[in-house]
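Engineer: sequence unknown, structure follows:
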Ligand SMILES: Nc1ncnc2c1ncn2[C@@H]1O[C@H](COP(=O)(O)OP(=O)(O)OP(=O)(O)O)[C@@H](O)[C@H]1O
């Protein structure tokens, strides 16, 4: 795989990066090239592309930074520093990734031991490590600093904005959340009467499928600089259900019957799966104590405050303890992580200890989730001798390699980094794996991860135990078969209740013609109603960033979380939000799954997500673990279908659904404020862009210097191999995003065959050009270099691998 850094992102409609498409064969040469073109990049860099200057600047003092700005060379202060920066430069070059490729964390930075306030992140040390100072150091461009500087410079102009904010507060006063704001929704989910003229119009528009795909600009990798108000309008998109036009009820009934037959053959019946458990009767089997868990585990559970198992834990643990394959589904925040971690720990207590062996691999789709799971697992196993390793992108490969040498019992990984180690870390053998877990499994089985999973599944033993979990677990047998499971037991808890009981779902309707009020609505709600622990989801990174600027100008404390940020920035953001330093987290769907932050009071969908599944994951960030919470979706006409689905499913389970009205005068006030702020917003964005370009130039310069100084050493290093080229990865991401977000504009409404062009694209993706492979044990088929051609260059690559279909099926 090409850059090691973003191989494992959850790609949203907005997470397509600008990729060069170049496979970098020679890191040193490429770095020198980069250094040489530093100046050019200054003008070509997208401002939204992350602040990659961190690597060179990480170890630099602020003084150095200023010097560099004046055009002076920034000398490393010590040999160690030079070596460190040089090493990072080398890593960066391999990745060639302007999206945060150049900063790596030591695992120790986030492996924070034990904290009192357990929230899955275990991040007290992280908080220290990423104190304000550290934040300044790592953020090449500090948005708050820019705004502060501007404030100091232009006191009178800023005062206008502040005065207006004060006015609005005194006008309306702080209302907080009032129940009388709510009114029960009508069937269409908009609370306005399903039969009104406007609704009919709206439907007509939707049925026509008219409307441009504005929101998809990122998906096409065209995240242009020119933000406009229009960008904030949710892009009308054809709903995936529309695309299945032509499917009659009869067809789907037939399909259901076929699927039911397949399921009957594929899954083991749940009742017979855990006979021991059944015999015990419900009362005694309702506790952790009755599950025959060992004392160290019970102590671990007590330490984290888990007194009673949640329903999914109650169902899963006894079956998983028997070594059976499991497909588990339960609503968000219902404790799925512990449901697979507890039986793993219990089983490992009885492992042979003479030869340390890596026996378990747990896969997560994002780095944050890998970190989160790592911390939960360590906490639960605190009273055992079981060892864990975190192998997520964005952290130091070398540190991970060192940990792998100790053969940790459990490896918690993102697939991309796992493959990287499979190929390049001599110490890492995967043929000893006995248990495989895919968390957020439906996502992991989507196309973006297909080729990665394929490679992993062909390399690990077929005789393993396999467990799959997700809140929106697919039950498509055809999909599950690809994982090579052995008569899995399907454990669904509250499968029909797709959201938790404590969640109130709220919808704000953007009537036709008022779409440009979206941001005004958001600001009104954030200033007056939802003021603490609010996650706001955006479809586009660019929009999330722009709104962050606006929030900062309005004095609302916000942080961002999306794929344009380095790993360090992402962790800082989550920490700032968790600790309350930031009241609002402006995120893309990179944060929609799994993230477990305590006491998130509200999730706001700035634009409705494009599928019901994504809606469920997003709103699942609040009302977790039996708590209450609100989800508020600003929805326009094109979102009608997703809103309808959400309302229907909420009603079916008797959950509260309300409609919120934004007072027109408030919307007007904010619209005017935003209009007045327009110039300033653009200026801040421009200033930020300039600072970023400067930082990138500095970094490239520094990289070039380091490479010249350490050229021999760098060239002497063995070359790493990557799973996919940038192009391959981009193609896979596009497919993943299409799967996640629904098809793009122009996709025909009926299921279509692959065009020649599409087929070619897929072939290109599958036929990967691999570099030289090194350091791998004999007999490892994945490590064989491609045969050389006549000219001595790498010859035809091996044929693409298929999913590891088990012979058991
Ligand atoms: N038995 C338990 N008792 C009390 N709290 C628990 C228990 N099990 C899990 N929790 C808490 O519930 C919260 C949600 O757990 P977890 O993150 O595993 O949910 P999830 O089902 O994986 O959610 P998602 O679908 O969003 O990934 C966590 O804060 C966790 O600490």
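Structural biologist: That came through, no problem. Just so you know, these numbers come straight off a predicted model, no measurement behind them.

Engineer: only C-alpha atoms for contact and neighbour calcs from this point on.
Structural biologist: Fine.

Engineer: close enough to count as contact, residue 337 and residue 372?
Structural biologist: No - Residue 337 lies out of contact with residue 372 (C-alpha atoms under 8 Å); the separation is 9.6 Å.

Engineer: quick one: which of the two has more around it?
Structural biologist: residue 372 (25 against 20; other C-alpha atoms under 10 Å).

Engineer: re the thing from before, between residue 337 and residue 372, which contacts overlap?
Structural biologist: Here residue 337 and residue 372 share no contacting residue, scored by C-alpha atoms under 8 Å, 6 or more residues apart in numbering.

Engineer: hang on, residue 536 packs against residue 585?
Structural biologist: Yes - contact criterion C-alpha under 8 Å: residue 536 and residue 585 qualify, at 6.0 Å.

Engineer: Now do the domain split for the protein, please.
Structural biologist: 288-492, 503-682 (the TED database).

Engineer: what's the average pLDDT for the lengthiest helix in the chain?
Structural biologist: If you go by DSSP state H, the chain has its longest helix at helix 664-709. In this model, helix 664-709 carries a mean pLDDT of 91.

Engineer: Would you quantify the distance from residue 593 to the ligand?
Structural biologist: Residue 593 sits 6 Å away from the ligand, taking C-alpha to the nearest ligand atom, to the nearest Å as the criterion.

Engineer: One more: residue 379?
Structural biologist: Relative to the ligand, and taking C-alpha to the nearest ligand atom, residue 379 is found at 10 Å.

Engineer: Report how many residues lie close to that residue.
Structural biologist: Counted with other C-alpha under 10 Å, residue 379 comes out at 21.

Engineer: That one: what secondary structure?
Structural biologist: When classified by DSSP: H, G, I helix; E, B strand; the rest coil, residue 379 comes out as helix.

Engineer: for the closest residue to the ligand within the stretch 551-700 of the chain, what are its contacts?
Structural biologist: Closest approach between the stretch 551-700 of the chain and the ligand, counting by C-alpha to the nearest ligand atom: residue 594, at 3.2 Å. Shown in contact with residue 594 (C-alpha under 8 Å, 6+ apart): 332, 333, 369, 440, 617, 621.

Engineer: Now that we have those residues, can you turn them into CSV and tack on pLDDT, neighbour count and secondary structure?
Structural biologist: CSV is the format used below for these (pLDDT from 0 to 100; neighbours: other C-alpha atoms under 10 Å; DSSP: H, G, I helix; E, B strand; the rest coil):
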residue, pLDDT, neighbour count, secondary structure
332, 92, 27, coil
333, 93, 22, coil
369, 94, 25, helix
440, 93, 23, coil
617, 95, 24, helix
621, 96, 28, coil
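
Engineer: ok, and of these, which contact the ligand?
Structural biologist: 332, 333 (C-alpha under 6 Å from any ligand atom).

Engineer: which parts of stretch 352-366 are buried?
Structural biologist: By neighbour count with 16 or more other C-alpha atoms under 10 Å, stretch 352-366 contains the buried residues 357, 358, 359, 360, 361, 362, 363, 364, 365, 366.

Engineer: likewise stretch 367-387?
Structural biologist: By neighbour count on 16+ other C-alpha under 10 Å, the buried set for stretch 367-387 is 367-384, 386-387.

Engineer: I figured residue 630 was touching residue 506, is that so?
Structural biologist: Yes - between residue 630 and residue 506 there is a contact under C-alpha under 8 Å: 7.2 Å.

Engineer: Which of the buried residues of stretch 352-366 fall in strands?
Structural biologist: 360, 361, 362, 363 (DSSP state E).

Engineer: Same list, those, but as CSV with distance to the ligand and pLDDT please.
Structural biologist: Output for those, formatted as CSV (distance: C-alpha to the nearest ligand atom, whole Å; pLDDT from 0 to 100):
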residue, distance to the ligand, pLDDT
360, 18, 98
361, 17, 98
362, 13, 98
363, 13, 97
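
Engineer: Which members of the residues you listed are the farthest-apart pair?
Structural biologist: Farthest pair in those (C-alpha to C-alpha) is 360 and 363. Separation: 10.0 Å.

Engineer: if I look at the two, which residues touch both of them?
Structural biologist: 436, 437.

Engineer: isn't there a strand covering residue 560?
Structural biologist: Yes - the assignment for residue 560, made by three-state DSSP, places it in a strand.

Engineer: Could I get the pLDDT score of it?
Structural biologist: On the pLDDT scale, residue 560 is placed at 96.

Engineer: what number of residues lie near it?
Structural biologist: Neighbours of residue 560 using other C-alpha under 10 Å come to 27.

Engineer: Which residues does it form beta bridges with?
Structural biologist: residue 586 (DSSP bridges).

Engineer: Check residue 507 too.
Structural biologist: Beta-bridge pairing for residue 507 (DSSP bridges): residue 633, residue 659.

Engineer: For the residue of the stretch 551-700 of the chain closest to the ligand, which three-state class applies?
Structural biologist: coil.

Engineer: Tell me how far it lies from residue 440.
Structural biologist: 8 Å (C-alpha to C-alpha, to the nearest Å).

Engineer: overlap in contacts of these two?
Structural biologist: Common neighbours of residue 594 and residue 440 (C-alpha under 8 Å, 6+ apart) do not exist.

Engineer: if we can go back for a sec, now do the residue of the stretch 551-700 of the chain closest to the ligand against residue 619, distance only.
Structural biologist: 11 Å.

Engineer: Equivalent analysis for residue 711, please.
Structural biologist: Distance from residue 711 to residue 619, by C-alpha to C-alpha: 51 Å.

Engineer: which non-adjacent residue is nearest residue 464?
Structural biologist: Distance criterion C-alpha to C-alpha, 6 or more residues apart in numbering; nearest residue to residue 464, sequence neighbours excluded, is residue 434 at 4.5 Å.

Engineer: what does residue 445 give?
Structural biologist: Closest to residue 445 by C-alpha to C-alpha, 6+ apart is residue 479, at 7.2 Å.

Engineer: So between residue 711 and residue 619, which is more surrounded?
Structural biologist: The neighbour count for residue 711 versus residue 619, taken as other C-alpha under 10 Å, is higher for residue 619 (29 against 16).

Engineer: For the more buried one, list the residues it contacts.
Structural biologist: So residue 619 contacts 499, 603, 631 (C-alpha under 8 Å, 6+ apart).

Engineer: do the same with residue 308
Structural biologist: So residue 308 contacts 286, 287, 288 (C-alpha under 8 Å, 6+ apart).

Engineer: So which of those residues sit within strands?
Structural biologist: Per DSSP E, the contacts of residue 308 never map to strands.

Engineer: Now tabulate those in CSV and tack on distance to residue 671.
Structural biologist: CSV is the format used below for those (distance: C-alpha to C-alpha, whole Å):
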residue, distance to residue 671
286, 55
287, 55
288, 55
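
Engineer: Just among those residues, which is most surrounded?
Structural biologist: Within these, most neighbours by other C-alpha under 10 Å means residue 288, with 22 neighbours.

Engineer: how about the residues of the stretch 501-650 of the chain that lie near the ligand?
Structural biologist: 593, 594, 596, 620, 624, 625.

Engineer: again, but for the chain
Structural biologist: So far as C-alpha under 6 Å from any ligand atom goes, the chain lies against the ligand at 119, 306-310, 331-338, 470-471, 593-594, 596, 620, 624-625.
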